[in-house]
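# Need a 3D model of the sequence below.
(chains A, B, C and D)
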There are 2 protein chains.
Amino acid sequence: MTEVNAPVTMSDVARAAGVSTATVSRVVNGHYGVSAHTSAQVRSAIERLGYESSLVATSLRRSRTNVLGLVTHSFQSYTAEVLKGVMQALTRSGFDLIIYANSDLYGSYSEGWEQRHLTRLSGTLTDGCIVVTPWGEVQSRTPVVAIDPARHSTAPAVTADNLAGATAAVEHLLGLGHRRIGFIAGRSNLAAAWSREEGYRSALTGAGVPVDLTLIGRGDFNPESASPLARALLQRADRPTAIFAASDGMALKVLEAAKELGLSVPGDLSVVGFDNIPESALTEPGLTTVDQSMYQLGYEAARMLKALVTGEWEGPRQMVLPTSLVVRGSTAPPKSITRS
Amino acid sequence: MTEVNAPVTMSDVARAAGVSTATVSRVVNGHYGVSAHTSAQVRSAIERLGYESSLVATSLRRSRTNVLGLVTHSFQSYTAEVLKGVMQALTRSGFDLIIYANSDLYGSYSEGWEQRHLTRLSGTLTDGCIVVTPWGEVQSRTPVVAIDPARHSTAPAVTADNLAGATAAVEHLLGLGHRRIGFIAGRSNLAAAWSREEGYRSALTGAGVPVDLTLIGRGDFNPESASPLARALLQRADRPTAIFAASDGMALKVLEAAKELGLSVPGDLSVVGFDNIPESALTEPGLTTVDQSMYQLGYEAARMLKALVTGEWEGPRQMVLPTSLVVRGSTAPPKSITRS
DNA sequence: TTTGTAATCGTTACCGGTTACGTTGACAAC
DNA sequence: GTTGTCAACGTAACCGGTAACGATTACAAA
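Modelled structure (predicted):
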């Protein structure tokens, strides 16, 4: 890297080409009203000086920047998968992507981060934003698409079919013969968390198993939040024979807790997660989970945002993507039951 | 989301509080020269209107923004792992992160992308940048740390010990009894690609095995580039008994090609990769590879950049992190050899 | 030759902040 | 009473671009 103290600006180019900055601007943006000769002069000066327009200055003055934003609270496996999908959807679209992530100055779960980030970017920098797991409603001058939105949100959003997924997961456990099934919930203001709990409840009810509130632990999707909850459930005299966690990150902590307590999985305890993050396939045994294709979520969100920005979107503004159960080694019939 | 057409600006706050924008700015930035009473007035107005400073406007005028940048050419597993490390290092550091990725308008491998991105950001938006796998030297007003830099670069950089890793990988194959070992190289202008090839050569030479240039395929780290090369190697009459690919992405394509040609791994062919991306553990059989902790690369790069920006860096400006061989199911002794 | 029109290009206000500088007024020292 | 000092605040220039508008010129038509 070479340190350069004087960045080359548009007026440098203008001076070198012997024209005004307005003309340079016209050349750069391909606007009407520049003679071929002048244009060539300017282009040559740009080339010679290595000029590149400042994203900041441009976006301050202009409404359209051809940059889409993505704001996220933290950066984990989930986010990474989403990002891959977003990038795929944006390839050769003419839109660049800016991802903004904060350094958590206000603490891990400071409310309103999505609004703060959004305001800082959306003022001018980006033409629209994707918000990953927002906590509430947000305001913005430019279109916003949420991935895993807050409950009761009517804003554009892409989400997985959490209800069906959770139902399938619990029905899988019921089918294996489990009746005492614990649940570790996610942050309740997220629609995803709510739907997954709803799936858990309806599957039980559908099978004629009463919902035991003491078997429900209140986590917040943060893996660490699951450890004490899992331990509490597993140290009960009448411990559940299976635990369904609302996210893989939390499910992995359940596996950890079981190991610490000397319980074998799936012998003494079956565990099911939700998300199908890459890590869930690497545990021993592999984690049975619900796949929600975070890649697909990102891809569809980006596609929708792109179209909203250009004003071409015609489909529904809320999209639900299918989920599927992935059965791995962490689930088996409970010991006390012998299935035919 | 609610669409709002008038974003609240600093002058809105100033008007509401009955002061000038200069005073608001002083309050926001905690500068000297505002009475407690006025300050309270302004703060109240900010709260009431929900004002948030525009990152763009601020960075245009100011030199310091407390935002670090990361520019990358594409977004794959490798990048995602790096990002996790970067975010970890930046947690509670007071620096936010902006990731800039382009949409590939100029084609997948347009030269000079890193300089273009950097110039657009570094003008003002960021205090410094991490560049992931740059193709050449870059110029910038602000500090730049490269991850996997170009060859012969003397700029600040973090890289894995590619030479040792590649040597270990090939020695592993040699130890299993392989003698005809193919190699699929990476993009040669990257130092990483060069070192990995150097490791391949020196391991062979060290074992008294002559380097057969026809066994070396020239890839570019792009997974797709490996497919035809792998097929070419495997369709030879005297096909190699093992292939070492300079990246996991390419190694996975070798596995694919082998499968298509009806070759069993590791029975007919051993395969070794480099990187240890999550996917490499999920294949059947698992891919033997060299772990380079991309997480660690990101973490250290961010740590270095942070210190360079604040002027506190004292260590060496080029850092090499250790690698380790991860043996999985894709390597075994060649069929013709029986080891004692 | 005069006039109209369109092409070309410069001037300037502006985007939303920051900051150098100037102004005001309160208070203390002379 | 005058002067000096300093805190508190406003004014205006500025960052690097964009775009509305006005000015200039060339060329064709009258």
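
# Which stretches in the stretch 151-300 of chain A count as strands?
Assignment of strands within the stretch 151-300 of chain A using DSSP state E, counting those that start in this stretch yields the ranges A:157-160, A:181-185, A:216-218, A:242-245, A:270-272, A:289-291.

# Give me whichever of those is most buried.
Of the strands of the stretch 151-300 of chain A, the one with the most neighbours on average (mean count of other Cβ atoms under 10 Å in any protein chain shown) is strand A:242-245, at a mean of 32. All C-beta spots, glycine's among them, are computed from the backbone N, C-alpha and C.

# Residues contacting that strand, please?
With contacts defined as Cβ atoms under 8 Å, 6 or more residues apart in numbering or on different chains, strand A:242-245 is touched by A:166, A:169-170, A:173, A:176, A:178, A:180-184, A:200, A:219, A:226, A:230, A:233, A:251, A:253-254, A:269-274, A:331, A:334.

# got it, and stretch A:317-328?
Outside stretch A:317-328, the residues that touch it by Cβ under 8 Å, 6+ apart are A:154-162, A:164-165, A:168-169, A:172, A:276, A:280-281, A:285-293, A:296-297, A:300, A:304.

# Show me which of those are buried.
By neighbour count, with 16 or more other Cβ atoms under 10 Å in any protein chain shown, the contacts of stretch A:317-328 hold A:155-162, A:164-165, A:168-169, A:172, A:276, A:280-281, A:286-293, A:296-297, A:300, A:304 as buried.

# could you pick out which of these are near chain B?
By Cβ under 8 Å from any Cβ of the partner chain, the members of the buried ones among the contacts of stretch A:317-328 lying near chain B are A:A155, A:P156, A:A281.

# Tell me which residue of the stretch 201-340 of chain A lies closest to chain B.
Distances from the stretch 201-340 of chain A to chain B, computed as Cβ to the nearest Cβ, single out A:P278 as the nearest residue at 4.0 Å.

# Just to check, that residue is in contact with B:S280?
No: using Cβ atoms under 8 Å, A:P278 is not in contact with B:S280, being 10.4 Å away.

# Quick one: neighbours of the residue of the stretch 201-340 of chain A found nearest DNA strand C, just the number.
Of all residues in the stretch 201-340 of chain A, the one sitting closest to DNA strand C is A:V309 (18.6 Å; Cβ to the nearest atom of the strand). Neighbours of A:V309 under the rule other Cβ atoms under 10 Å in any protein chain shown: 20.

# does DNA strand C sit close to stretch A:32-42?
Yes: Stretch A:32-42 comes into contact with DNA strand C when judged by Cβ under 7 Å from any atom of the strand, the residues involved being A:Y32, A:G33, A:V34, A:S35, A:H37, A:T38, A:S39.

# From those, list the buried ones, please.
Listed as buried from the residues of stretch A:32-42 next to DNA strand C are A:V34, A:T38, A:S39; burial here means 16+ other Cβ under 10 Å.

# got the contact list for the first one?
Read it as A:V34. If a contact means Cβ under 8 Å, 6+ apart, then A:V34 has A:T23, A:R26, A:V27, A:V42 as its contacts.

# for the strand or helix carrying the last one, what is the average pLDDT?
For A:V42, the enclosing helix or strand under DSSP states H and E is helix A:36-49. Helix A:36-49 comes out with an average pLDDT of 90.

# what bridges to the most centrally placed residue in chain A?
To find the centre residue of chain A, average its C-alpha atoms and take the closest one (Cα atoms, centre = their mean): that gives A:V132, at 4.1 Å. Taking DSSP bridges, one finds A:I147 as the beta-bridge partners of A:V132.

# tell me which element the residue of the stretch 201-340 of chain A closest to DNA strand C falls in.
Applying DSSP H and E as the criterion places A:V309 in helix A:294-310.

# What lies in contact with that helix?
Applying Cβ under 8 Å, 6+ apart, the external contacts of helix A:294-310 come out as A:68, A:78, A:81-86, A:88-90, A:93, A:95, A:127-130, A:142-148, A:156, A:158-160, A:275, A:277, A:313-315, A:317, A:319, A:321.

# ChimeraX command to pick out the buried ones of these?
Selection command for ChimeraX covering only the buried members of the contacts of helix A:294-310, criterion 16+ other Cβ under 10 Å:
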select /A:68,78,81,82,83,84,85,86,89,90,93,95,127,128,129,130,142,143,144,145,146,147,148,156,158,159,160,275,277,313,319
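
# Let's see which of the contacts of helix A:294-310 end up in helices.
The members of the contacts of helix A:294-310 that map onto helices under DSSP state H are A:Y78, A:E81, A:V82, A:L83, A:K84, A:G85, A:V86, A:Q88, A:A89, A:L90.

# in the stretch 201-340 of chain A, which ranges drop under the pLDDT threshold?
Low-confidence regions of the stretch 201-340 of chain A, defined here as pLDDT under 70, cover residues A:336-340.

# contacting residues for the closest residue to A:A191 other than its chain neighbours?
The spatially closest residue to A:A191, leaving aside those adjacent along the chain, is A:R151, at 4.7 Å (Cβ to Cβ, 6 or more residues apart in numbering or on different chains). With contact set as Cβ under 8 Å, 6+ apart, A:R151 has these partners: A:S188, A:N189, A:L190, A:A191, A:W194.

# Surely the third one is in contact with A:I147?
No: applying Cβ under 8 Å as the test, A:L190 and A:I147 come out as separate, 10.7 Å apart.

# Are there residues contacting both of those two? Which ones?
By Cβ under 8 Å, 6+ apart, A:L190 and A:I147 have these common neighbours: A:T133.

# my read: A:G136 touches A:N189, true?
Yes: if you go by Cβ under 8 Å, A:G136 and A:N189 touch, sitting 7.1 Å apart.

# okay, and the common contacts of these two?
A:A150.

# low-confidence ranges in the stretch 51-200 of chain A?
For the stretch 51-200 of chain A, the ranges with pLDDT under 70 are A:103-111, A:122-123.

# now the helices: where do they sit in the stretch 151-300 of chain A?
Using DSSP state H, counting those that start in this stretch, the helices of the stretch 151-300 of chain A run over A:162-176, A:191-206, A:223-234, A:248-260, A:294-310.

# for the fourth one, the distance to its chain's centre please.
Relative to its chain's centre, helix A:248-260 lies at 22 Å (Cα atoms, centre = their mean, to the nearest Å).

# again, but for stretch A:147-161
Averaging C-alpha coordinates over stretch A:147-161 and over its chain gives two centres that are 11 Å apart (Cα atoms, centre = their mean).

# Can you check the distance spanned by that stretch, start to finish?
One end of stretch A:147-161 to the other measures 12 Å (Cα to Cα, to the nearest Å).
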